[in-house]
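Undergrad: attaching a predicted model along with its sequence, questions to come.
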Amino acid sequence: MSEKPNSKPQVRAPRVNHETKPFWDATAEGKLLVKKCNDCGENHFYPRTFCPFCFSDNTEFLECSGKGVIYTYSVTRRTKEPWAIAYVTLEEGPTMMTNLINCDFDNLSIGQAVEVAFIDTGEGTALPFFQPA
Amino acid sequence: MTIKGKAYIAGIYEHPTREATGKTVPQLHAEVAKGALEDAGLTKDDIDAYYCAGDVPGMGGINQAEYMGLKLRQIDSTETGGSSYVLHVNHAAQAIATGHCKVALITLAGRPRADAKDKIRVRPGGGAPAEYGFEGPFRPTVTNMYGMAAMRHMHEFGTTSEQLAWVKVAASHHAQYNEHAVLRDVVTVEDVLNSPIIADPLHRLDCCVVSDGGGAIIVVAPEIAKQLKRPAVRVLGAGEAPKHLNGGKVDLTFSGARWSGPDAFSEAGVTPADIKYASIYDSFTITVVETLEDLGFCAKGEGGKFVADGNLISGVGKLPFNTDGGGLCNNHPSDRGGITKVIEAVRQLRGEAHPKVQVPNCDIALAHGTGGLLGSRMGSGTLIMERGDA
């Protein structure tokens, strides 16, 4: 793979609420969480109190490996500093939105292995970007 | 048709809290939903219609439906302030009476006291939908969100940029006859491919126009229609469905049309083969390709081949579409293309489309709208209409 790093990612602090605070607190420690349902066993993302599959509120956070594959992506090019938005399917099942960083935008592919790369927002959270594994 | 005796209230729940510190608004909506379901002895999966008003965060009820994991045939976010939920009962009863749903959920929730006191900084009131913090920082735009759907469709089915370009080419062939169209020049596949990439894989000419303006529609009872002089157009059937990211089980290769279409065809008692003209929401070329597949005009994955070689051009292909030039060339007023889709279908059924694009013997037409984003969550609506005397 070519080593042309893309432009510096924009780091915008996420909006945190009561349901998502544990997720964002964990990002500051470099941990990626999804929500697991203790009744039906399904993992879901984004995390909510209620399992969106069986509607149980017996859910808890589950720490992920941080590894996944690109489900799809799109490089926004008609701009001074292009960026690559993507959905990454995690090893734990759920697919999540992210940006791909530390990569050559012209050599990305669907199915490519990626890993989480947190960047500190300076506000007690870190954004889960992904980079080639 | 009346709602009298056609619908019943089966479950109710009033949240016991009077100060919801530590809870989010979507969570409160889910809590009251769960309470009402338990009261009724029903489960989440029984719900096929959802009604809510301005207190729910997001785009109508779609974001809340996503939070709760609802699979719906009917969605309505009529907003009349505090009275909204009374109207919702009526709307739900109408939908049930006409067979569009069986179990309708209505929710109201909010936390004005907690907003004032809570230590965690959250937007007051409805505020940001639940998924916002997980998407906003990654800079989704309209174009890259449709771009991601197109990339996945290409990956799974081998759809090409050339095939997508044919959608724009067909729209341009129609727009040349529309004196009001924003873009009246006929374009070629090469023109589309040579226009700059906005967000992979979508070129500038894969995108709809930005335009001002608007439109309106009047719907009347048969006895009124009989008294009027204009050619009558009868509503045969309709279907609606929100689609969302489904708790992270993401599939961007289809739209809500996969669900709204069959409902509309079933109610109308017709099949895709009966449709002489189709208005297909064309925010982007990929929107049309996925929608045609979902509505059953071709098999899933065959949309690219279906639109190629001018198959959507009136007088040339099998399925004339968007004969006004559509959103891609004519008009996308206020970034919302739904009303112009219905209007051009009515023109076709009345025989009042431009003579160069009028479909001969156009007796049955379809109009389909896709609101929101193909790359995350959307509201889909399908309408089938027939030319005929009132």
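TA: That came through, no problem. Numbering: from 1, shown residues only, chains lettered A, B, ... in the order given.

Undergrad: pull the CA atoms of the helix or strand residue B:174 falls within into PDB?
TA: Per DSSP states H and E, residue B:174 falls inside helix B:161-175. Taking Å, rounded to 0.1, in the frame of the first residue of the first chain, the C-alpha atoms of helix B:161-175 are listed here in PDB:
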ATOM      1  CA  SER B 161     -20.900   4.300 -13.300                       C
ATOM      2  CA  GLU B 162     -21.900   4.000 -17.000                       C
ATOM      3  CA  GLN B 163     -25.100   2.300 -16.000                       C
ATOM      4  CA  LEU B 164     -25.900   5.000 -13.300                       C
ATOM      5  CA  ALA B 165     -25.200   7.700 -16.000                       C
ATOM      6  CA  TRP B 166     -28.000   6.300 -18.100                       C
ATOM      7  CA  VAL B 167     -30.500   7.500 -15.500                       C
ATOM      8  CA  LYS B 168     -29.300  11.100 -16.000                       C
ATOM      9  CA  VAL B 169     -29.200  10.700 -19.800                       C
ATOM     10  CA  ALA B 170     -32.900   9.600 -19.800                       C
ATOM     11  CA  ALA B 171     -33.900  12.500 -17.600                       C
ATOM     12  CA  SER B 172     -32.100  14.900 -19.800                       C
ATOM     13  CA  HIS B 173     -33.900  13.600 -22.900                       C
ATOM     14  CA  HIS B 174     -37.200  14.500 -21.200                       C
ATOM     15  CA  ALA B 175     -36.100  17.800 -19.700                       C
END
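
Undergrad: which SSE is immediately downstream of it?
TA: helix B:189-194.

Undergrad: for residue 39, which non-adjacent residue is closest in space?
TA: Just going to use chain A. Leaving out its chain neighbours, the residue that sits closest to residue A:39 by Cβ to Cβ, 6 or more residues apart in numbering or on different chains is residue A:56, at 3.9 Å. Glycine gets a C-beta too; all of them are placed from N, C-alpha and C.

Undergrad: chain B is the one I meant
TA: residue B:11 is the one closest to residue B:39 (Cβ to Cβ, 6+ apart), at 4.2 Å.

Undergrad: is it correct that the one you found is in contact with residue B:36?
TA: Yes - judged on Cβ atoms under 8 Å, residue B:11 makes contact with residue B:36 at a distance of 4.3 Å.

Undergrad: please report the distance of residue A:64 from chain B.
TA: 12 Å (Cβ to the nearest Cβ, to the nearest Å).

Undergrad: per-residue confidence at that residue?
TA: Listed pLDDT for residue A:64 reads 98.

Undergrad: what about it, neighbour count?
TA: By other Cβ atoms under 10 Å in any protein chain shown, 22 other residues sit near residue A:64.

Undergrad: tell me the contacts of the residue nearest to it when sequence neighbours are not counted?
TA: Once flanking residues are discounted, residue A:64 sits nearest to residue A:32: 4.5 Å by Cβ to Cβ, 6+ apart. Listed by Cβ atoms under 8 Å, 6 or more residues apart in numbering or on different chains, the contact set of residue A:32 reads A:26, A:63-64, A:66, A:90, A:116, A:128.

Undergrad: tally of neighbours for the residue in the stretch 1-150 of chain B that chain A sits nearest to?
TA: Sorted by distance to chain A under Cβ to the nearest Cβ, the residues of the stretch 1-150 of chain B start with residue B:69, at 2.9 Å. Applying other Cβ under 10 Å, we find 23 residues neighbouring residue B:69.

Undergrad: you'd agree it is up against residue A:42?
TA: No - in this structure, residue B:69 is not within contact of residue A:42 by Cβ under 8 Å, at 9.9 Å.

Undergrad: anything in contact with each of those two?
TA: By Cβ under 8 Å, 6+ apart, the residues touching both residue B:69 and residue A:42 are A:51, A:53, B:247.

Undergrad: which of the residues you listed sits closest to residue A:122?
TA: The nearest member of the shared contacts of residue B:69 and residue A:42 to residue A:122, counting by Cβ to Cβ, is residue B:247 at 30.7 Å.
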